[in-house]
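Chemist: return atomic coordinates for the entry below.
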Amino acid sequence: MMGVRTERVLVARLDSLGDLLLCGPAIRAIAARAEVHLLCGPRGAAAARMLPGVASVHVWDAPWIASPPPVASRGHLEELAGILAEVRADAAVVLTSFHQSPLPLALQLRLAGVPRVTGASVDYAGSLLDVRLKPGEDFPESQSEVVRALTIAAAAGYELPEGDDGRLAVEPPPERSPDLSELPERYVAVHPGAAVGARAWPPANHRDLVRRLAERDVPVVVTGGPDERELTASVAADLAVDLGGRTPLPDLARVLRQADVVVAGNTGAAHLAAAVRTPIVSLFSPVVDERCWRPYGVPVVLFGRTDVACAGTRARDCPVPGHPCLADVSAPAVADAVLALRPADAARAVPAETGSRRAEAVPA
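Modeler: Numbering: from 1, shown residues only. Okay, here's the model as predicted:
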């Protein structure tokens, strides 16, 4: 006797690493009842492969999401059609932020014959969405991206199973590898890079923080991607372990998991730290809404001025001379916040949406 075929659901989140991590709880909710096939962009693929509950990962660069975007050619769209033909989804859940539309993908899903499509859209969706949530009516725009994604999943009929705490999670990172054997037993991880310049605390402030922590006998590990080696070397100087360019995402997860505290801006590393349950000192630029994008589900201290002209602009390059929203945050204040979050072990049990506080910017 043949068994009942498991429902196959295509879940789409087409942007960056941090965005994929924030959708992790929603993906687990869907995976509790269905086989999840995850469609993501190239910048989110490494994170997608670490999320629990994902049966397969498919990578495609969306012309209406990516920056810089690929050309929306017939050949490029045929690549997507090939992925959809391979997945043979019974349903699709399109996860988006407030500034993104699910409709271009929904049209492609319809052309591929996907019978049930769910998404959130402020625009009239016609026959493209079977379940349409209206942002601002069905849920508030200013809320955690985690909650937004869970709300979309719930509208499609998928809820977190009993016992799932709804926090971020990744598959267990690898054990200590030989090339990272110089890590101290306890340390603070400092991640000075950011995906866009407007969200970065200045390198000089990072260097000052490392120096001040070293003066207090706090070991520091500095992390960054392959294109940030010069930055991490400058920040680490001779006072910290420089791991710039040496930690693929699974290794970075392990480094952040072992840290007492992580210092990072609003970038993927902060959400990865939250996924491995490490407290965070967040240097958060107000170019995006902190209620949507701050680290979720772990103790967090946020720094960054909000009374600046760039607030809410989603600027990639700082439009205000001197970058005051973050440049005015002093290294001594951040060092004090780091020490206040140590030791971290007892604090890591704090449930989602608690354990956060905002610190005022202190002039350097």
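
Chemist: contacting residues around the closest residue to Thr232 other than its chain neighbours?
Modeler: Excluding the flanking residues, the one nearest Thr232 by CB to CB, 6 or more residues apart in numbering is Gly244, at 2.9 Å. To be clear about C-beta, it is placed using only N, CA and C from the backbone, and glycine gets the same treatment. Taking CB atoms under 8 Å, 6 or more residues apart in numbering, we find Gly244 in contact with Val222, Thr223, Gly224, Gly225, Pro226, Glu228, Arg229, Glu230, Leu231, Thr232, Ala233, Ala236.

Chemist: how about Tyr296, secondary structure?
Modeler: coil (DSSP: H, G, I helix; E, B strand; the rest coil).

Chemist: skip the chain neighbours and tell me the closest residue to it.
Modeler: Val146 (4.9 Å).

Chemist: show me what the helix or strand hosting the one you found is packed against.
Modeler: With elements taken from DSSP states H and E, the one containing Val146 is helix 145-155. In terms of contacts (3 or more CB pairs under 8 Å, 6 or more residues apart in numbering; DSSP states H and E), helix 145-155 is packed against helix 17-22, helix 24-31, strand 91-94, strand 117-120, strand 131-133, helix 290-293.

Chemist: counting contacts, what elements does the helix or strand just after the longest one pack onto?
Modeler: Right, the one you point to is helix 24-31. Toward the C-terminal end, the helix or strand that comes next after helix 24-31 (DSSP H and E) is strand 35-40. Packing contacts for strand 35-40, counted by 3+ CB pairs under 8 Å, 6+ apart, involve strand 8-13, helix 24-31, helix 45-48, strand 54-59, helix 74-87.

Chemist: go with 7 Å
Modeler: strand 8-13, helix 24-31, strand 54-59 (3 or more CB pairs under 7 Å, 6 or more residues apart in numbering; DSSP states H and E).

Chemist: partner strands of it and their direction?
Modeler: Looking at strand 35-40 with DSSP bridges, its partner strands are strand 8-13 (parallel), strand 54-59 (parallel).

Chemist: confidence score at Ala344?
Modeler: Here, the pLDDT recorded for Ala344 equals 46.

Chemist: what's the span of stretch 209-229, first residue to last?
Modeler: 18 Å (CA to CA, to the nearest Å).

Chemist: ok, and what's touching it?
Modeler: 183-184, 186-193, 231-232, 235-237, 239-245, 247, 252, 255, 263, 269, 331-332, 334-335, 338 (CB atoms under 7 Å, 6 or more residues apart in numbering).

Chemist: one more pass at 8 Å, please.
Modeler: Contacts of stretch 209-229 (CB under 8 Å, 6+ apart): 183-184, 186-193, 231-232, 235-237, 239-245, 247, 252, 255-256, 259, 263, 269, 331-332, 334-335, 338-339, 342.

Chemist: just the C-alpha atoms of stretch 63-82, please, in PDB.
Modeler: Below are the C-alpha coordinates for stretch 63-82, written out as PDB (Å, rounded to 0.1, in the frame of the first residue of the first chain):
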ATOM      1  CA  PRO A  63      15.800  41.100 -10.500                       C
ATOM      2  CA  TRP A  64      13.300  43.000  -8.200                       C
ATOM      3  CA  ILE A  65      15.100  42.200  -5.000                       C
ATOM      4  CA  ALA A  66      18.900  42.000  -5.500                       C
ATOM      5  CA  SER A  67      21.200  45.100  -5.500                       C
ATOM      6  CA  PRO A  68      22.800  45.300  -8.000                       C
ATOM      7  CA  PRO A  69      20.100  43.400  -9.800                       C
ATOM      8  CA  PRO A  70      20.600  40.900 -12.600                       C
ATOM      9  CA  VAL A  71      19.000  41.600 -16.000                       C
ATOM     10  CA  ALA A  72      15.400  40.400 -16.100                       C
ATOM     11  CA  SER A  73      16.000  38.400 -19.300                       C
ATOM     12  CA  ARG A  74      14.000  35.500 -20.800                       C
ATOM     13  CA  GLY A  75      16.900  33.200 -20.000                       C
ATOM     14  CA  HIS A  76      17.100  34.300 -16.400                       C
ATOM     15  CA  LEU A  77      13.400  33.800 -15.900                       C
ATOM     16  CA  GLU A  78      13.700  30.300 -17.500                       C
ATOM     17  CA  GLU A  79      16.200  29.400 -14.800                       C
ATOM     18  CA  LEU A  80      13.500  30.100 -12.200                       C
ATOM     19  CA  ALA A  81      11.000  28.100 -14.300                       C
ATOM     20  CA  GLY A  82      13.400  25.200 -14.200                       C
END
